[in-house]
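Colleague: No sequence on hand, only this structure:
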């Protein structure tokens, strides 16, 4: 890798540095798009293992390109240490080049990532980094006539007028993506879609003057599915639309469901799902379109959902700073049972929790900080199948000291001293994970009605089974490590003991050798580091009679080693789990 070579001191150096950073970003986004674009070929070839591998590998692209750029700059600058004065000039040159750029907000974030590795924290000022966006992303799509449009619009003729009817138009919409596999029966599928759409249009199918179908220009790929995302515009009414396209049993394609509500799309773009692979020239325009379908979804989560997780982190942090300026409550320890590995706190008015790794772990925990971080990275890169919360990782996060409760401050000093720095009016947290706040399942169950308890226990077992099918053994399956989302889904969020299911050994408890073994409170058999005895789960999980009754009725197989072994065998044989991020009842029949 050739070193960056600044031309001459002064303004020339600043311009050369700015050009180098922007070239580094452009290389990153070119490779990002190439990987996302290749998702179509993997989908058409039904190469599910390669699809999942590409999803995981793409997550590391950003950090690699930042590291490359920083190394080139350091080699080129030699002994010269960049300072705030130089970097303010660099930023001014950089802004000038962003005015005609298609991804200015992403390039600003890349600039910040490079800057924070080269400058000292005291230099993180408005004139050196992009504390807030400088270049507007409004109407970039309109300003770039050579770019492919973010979405395409189709105009079915109204009844009694010449032109395509709605059925033919929807057929053109689907065929417009040019998938290189035939459909089982596309006309049948379109008929089913129209049957569902009729239920969501006011007064049935009659259409207003401004009736159109708008669809994003790229399909959204994830795991074994391709998703057509768009909306139906009917006069003043706009209806979100998502059509999942899957491979049938014979390899031909089929539309698996028709989703026409915001809640449907919120589930599809959930924080507990893997990131989509989608080819996007102008991300801000795509996010603006998606925000129109899901106005309750923060922009930060939409950027993350389409694979731009660093931009999602940046947007989230700006939202967090805005919230701090307009709130007055205090950070405090989160309610619930204290974790042995993580210290968890929150700001009551903010729907997220902050997790800091403790300096020391009490017995019986046998892990290290590096191992815990590796587990969180595993979850980031793995298919989360709607059952593991996505977590954003931050370094050097300043919090106003006056907003931190004394109880939390005492706990941080006692348990996480290596991870904090008290700097005047600020508390700097060197390393923290932030994730969506959920009600811990053990707390949720305390006030649950019988119907709610049954739903929670069934969902808890389903969550474990989804994780198992995705090659994840959760390790610590206590109720406190699962949370209930606002959509009634149970999601796992404690990752320090997870393992790949394929790496575990599921065993039956051996019979006692004699009476002493039978009466002993200790195990009488050898236990390896990844040995798991499912029948021993019951005493820890099923102490409540009502919980036990529901669990045994629906999920007794989780206590049988054969259940785990059978899934393990399927995974080792190369089977990839089917994931349906929508209500199973909305799936169309497999034939007919």
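Modeller: Looks like it came in fine. Everything numeric in this text was worked out from a predicted model, so none of it was measured. Numbers count the residues shown, from 1 in each chain.
Colleague: who touches residue 291 in this structure?
Modeller: Residue 291 is in contact with 297, 299, 302, counting by Cβ atoms under 8 Å, 6 or more residues apart in numbering. The C-beta positions use only the backbone N, C-alpha and C, and glycine is treated the same way.
Colleague: Assumed it was part of a helix.
Modeller: Yes: per DSSP: H, G, I helix; E, B strand; the rest coil, residue 291 lies within a helix segment.
Colleague: Could you report the neighbour count for residue 367?
Modeller: Counted with other Cβ atoms under 10 Å, the neighbours of residue 367 add up to 15.
Colleague: Isn't it up against residue 495?
Modeller: No: using Cβ atoms under 8 Å, residue 367 makes no contact with residue 495, being 10.9 Å away.
Colleague: The stretch 101-250 of the chain: helices as residue ranges?
Modeller: With DSSP state H, counting those that start in this stretch as the criterion, the stretch 101-250 of the chain has helices at 104-118, 140-143, 166-175, 186-200.
Colleague: Which of the ones you listed comes out lowest on mean pLDDT?
Modeller: For the helices of the stretch 101-250 of the chain, mean pLDDT drops lowest on helix 140-143, to a mean of 64.
Colleague: returning to that earlier point: export the contacts of residue 291 to JSON lines and tack on pLDDT and secondary structure?
Modeller: Shown next, in JSON lines, are the contacts of residue 291 (pLDDT from 0 to 100; DSSP: H, G, I helix; E, B strand; the rest coil):
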{"residue": "297", "pLDDT": "95", "secondary structure": "coil"}
{"residue": "299", "pLDDT": "95", "secondary structure": "helix"}
{"residue": "302", "pLDDT": "97", "secondary structure": "helix"}
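Colleague: Tabulate those residues (JSON lines), appending neighbour count and distance to residue 571.
Modeller: Below are these laid out as JSON lines (neighbours: other Cβ atoms under 10 Å; distance: Cβ to Cβ, whole Å):
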{"residue": "297", "neighbour count": "19", "distance to residue 571": "32"}
{"residue": "299", "neighbour count": "19", "distance to residue 571": "36"}
{"residue": "302", "neighbour count": "23", "distance to residue 571": "32"}
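Colleague: domain parsing for the chain?
Modeller: Annotated domains of the chain cover 11-136, 151-322, 327-437, 441-559 [automatic domain parsing].
Colleague: rewinding a little: out of the helices of the stretch 101-250 of the chain, nearest to residue 538?
Modeller: Ranking those by their distance to residue 538 (criterion: Cβ to Cβ) puts helix 186-200 first, at 42.5 Å.
Colleague: ok, residues contacting that closest one?
Modeller: 166-167, 170-171, 174-175, 183, 204-205, 232, 239, 243, 254-255, 258, 260-261, 586, 588.
Colleague: State whether residue 399 is indeed within a strand.
Modeller: Yes: counting by three-state DSSP, residue 399 is located in a strand.
Colleague: show me the contacts for the residue nearest to it when sequence neighbours are not counted.
Modeller: Leaving out its chain neighbours, the residue that sits closest to residue 399 by Cβ to Cβ, 6 or more residues apart in numbering is residue 427, at 5.0 Å. By Cβ under 8 Å, 6+ apart, the residues touching residue 427 are 398-401, 404, 409, 412, 420-421.
Colleague: let's see 7 Å
Modeller: For residue 427, the contact set (Cβ atoms under 7 Å, 6 or more residues apart in numbering) comprises 399, 401, 404, 420.
Colleague: Most neighbours among those, which one is it?
Modeller: residue 399 (20 neighbours).
Colleague: List the contacts of that residue.
Modeller: Here residue 399 is in contact with 331, 426-427, 429 (Cβ under 7 Å, 6+ apart).
Colleague: Among these, which pair sits farthest apart?
Modeller: Counting by Cβ to Cβ, the most remote pair of the contacts of residue 399 is 331 and 426, 12.7 Å apart.
Colleague: for residue 427, helix, strand, or coil?
Modeller: Taking three-state DSSP, the label given to residue 427 is strand.
Colleague: Could you give the bridge partners of it?
Modeller: residue 399, residue 422 (DSSP bridges).
Colleague: Distance check, it against residue 409.
Modeller: 8 Å (Cβ to Cβ, to the nearest Å).
Colleague: Residue 336 now?
Modeller: Counting by Cβ to Cβ, the gap from residue 336 to residue 409 is 19 Å.
Colleague: Residue 502 too?
Modeller: 43 Å.
Colleague: Need the pLDDT of the residue nearest to residue 399.
Modeller: 95.
Colleague: Check the one 3 residues further on too.
Modeller: pLDDT recorded at residue 430 is 95.
Colleague: How many neighbouring residues does the residue nearest to it when sequence neighbours are not counted have?
Modeller: With Cβ to Cβ, 6+ apart as the criterion, residue 430 has its nearest non-adjacent residue at 4.9 Å, and that residue is residue 419. Residue 419: 18 surrounding residues under other Cβ under 10 Å.
Colleague: isn't residue 419 right up against residue 433?
Modeller: No: taking contacts as Cβ atoms under 7 Å, residue 419 lies outside contact range of residue 433: 11.4 Å.
Colleague: so where's the stretch 451-592 of the chain shaky on pLDDT?
Modeller: 514, 516-521, 524, 591-592 (pLDDT under 70).
Colleague: right, and residue 428 touches residue 398 too?
Modeller: Yes: between residue 428 and residue 398 a contact is recorded at 5.4 Å, counting by Cβ under 7 Å.
Colleague: Could you pull out the strands in the stretch 301-450 of the chain for me?
Modeller: Taking DSSP state E, counting those that start in this stretch as the test, the strands found in the stretch 301-450 of the chain are 332-333, 342-346, 352-357, 391-400, 420-423, 426-436, 439-440.
Colleague: Please name whichever of the ones you listed is nearest to residue 522.
Modeller: Closest among those, once you apply Cβ to Cβ, is strand 342-346, at 29.3 Å.
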